[in-house]
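**Q** Can you look at this prediction? I've put the sequence above it.
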Amino acid sequence: MSRQNQTLGEFIIENQSSFKYTSGELSRLINSIRLAAKVVNHEVNKAGLVDIIGAAGDTNIQGEDQQKLDVYANDKFIQTLTNRNIVCGIASEEEDDFITINSQDENHQNKYVVLIDPLDGSSNIDVNVSVGTIFSIYRRVTPVGTPVTIKDFLQKGSQQVAAGYVVYGTSTMLVYTTGDGVNGFTLNPAIGTFYLSHPDMQFPEDGKIYSVNEGNYIHFPKGIKDYIKYCQMEEGDRPYTSRYIGSLVSDFHRNMIKGGIYMYPKSSKNSDGKLRLLYECNPMAFLAEQANGKASDGFTRIMDIMPTELHQRVPFICGSKNMVEKAEEFMRNAQ
């Protein structure tokens, strides 16, 4: 039985039996993510005091400028997951290709792969706005003991065994699911321990917040434009409030607590959308559905999309169930 102020470690041990694979490997994996998150959190909190903000001078596989903290967070998560010898492969938004983990143990039985966005919203670091880490965990589909292949990473979101995010904000929180609800843990920086602070997190079925970059309005498809007009219309409990941070983790976290919808649709500038299916959309969709929310590309459930490449982009609509369904209705009617 979970209880307020229970530590993350205690919670993992106590709830391990509710996970259908009870080898303990997944628990150690979540603990590794917890450790790396604390290291990254420490560095994020020093931004401005040390030379860690600003561009690193490189671009990632998507052609986006890498921030110094992107590189730092990427290195720390990969290093931690590799050194603790509990995964067989890692894919990162910041890496061109997946990474195969060769265990020191010839008979290693590592079953999990991790896909990660090490620092979502990192362009906000320079202006002291919340950023986050997003992670997704799958069981490999190729034989245990052999090197991982691309098949192990190109799985539907419905095959995820765990997913979550860390938000580095006014407080640092780790929020995750293993398919049995969503729970949030807040870091006590004085002793470096995460405590259960938000048990059984749920999206309200309706909300009054819509989150979208309205600066791109002219480039949006008609269905999204029509839905935004609907959100702004003075009728019933509308108009809704527009809140957009520009950090997926932060916008999602707020909307899950208060009720709302997040949209990053395709546009004439980004014909496939901009968010990555494997590193951002699938893990957030898993969390949303486990928290009584919904995630869609406007027509199709996000977690039913079969990925074809590591860095595939898709349109993304996610949040309170009734709001997402209303946005889907506008998308269908605009066809």
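**A** Alright, I've got the coordinates.

**Q** alpha carbons only for contacts and neighbour counts from here, please
**A** Fine.

**Q** could you pull out the helices for the stretch 1-150 of the chain?
**A** Using DSSP state H, counting those that start in this stretch, the helices of the stretch 1-150 of the chain run over residues 8-15, 25-44, 68-83.

**Q** Surely Pro265 touches Phe220?
**A** Yes - contact status for Pro265 versus Phe220: in contact at 6.9 Å, counting by C-alpha atoms under 8 Å.

**Q** Those two: which is more packed in?
**A** Pro265 (25 against 20; other C-alpha atoms under 10 Å).

**Q** List the contacts of the closest residue to that one other than its chain neighbours.
**A** Distances taken as C-alpha to C-alpha, 6 or more residues apart in numbering put Pro315 closest to Pro265, at 4.4 Å, once the chain neighbours are dropped. With contacts defined as C-alpha atoms under 8 Å, 6 or more residues apart in numbering, the neighbours of Pro315 are Tyr264, Pro265, Lys266, Asp272, Gly273, Lys274, Leu275, Asp297, Gly298.

**Q** and Pro315, how far is that from Ile305?
**A** Distance, Pro315 to Ile305, by C-alpha to C-alpha, to the nearest Å: 11 Å.

**Q** Ok, Thr80 next?
**A** 30 Å.

**Q** rewinding a little: save the helices of the stretch 1-150 of the chain as a markdown table, and put in mean neighbour count too.
**A** Shown next, in a markdown table, are the helices of the stretch 1-150 of the chain (neighbours: other C-alpha atoms under 10 Å):
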| stretch | mean neighbour count |
| --- | --- |
| helix 8-15 | 16 |
| helix 25-44 | 20 |
| helix 68-83 | 20 |
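
**Q** Quick one, which of those gets closest to Phe252.
**A** Closest approach to Phe252 among the helices of the stretch 1-150 of the chain is made by helix 25-44 (18.5 Å; C-alpha to C-alpha).

**Q** So which other helices or strands are in contact with that closest one?
**A** Counting contacts by 3 or more C-alpha pairs under 8 Å, 6 or more residues apart in numbering; DSSP states H and E, helix 25-44 packs against helix 8-15, helix 68-83, strand 160-168.
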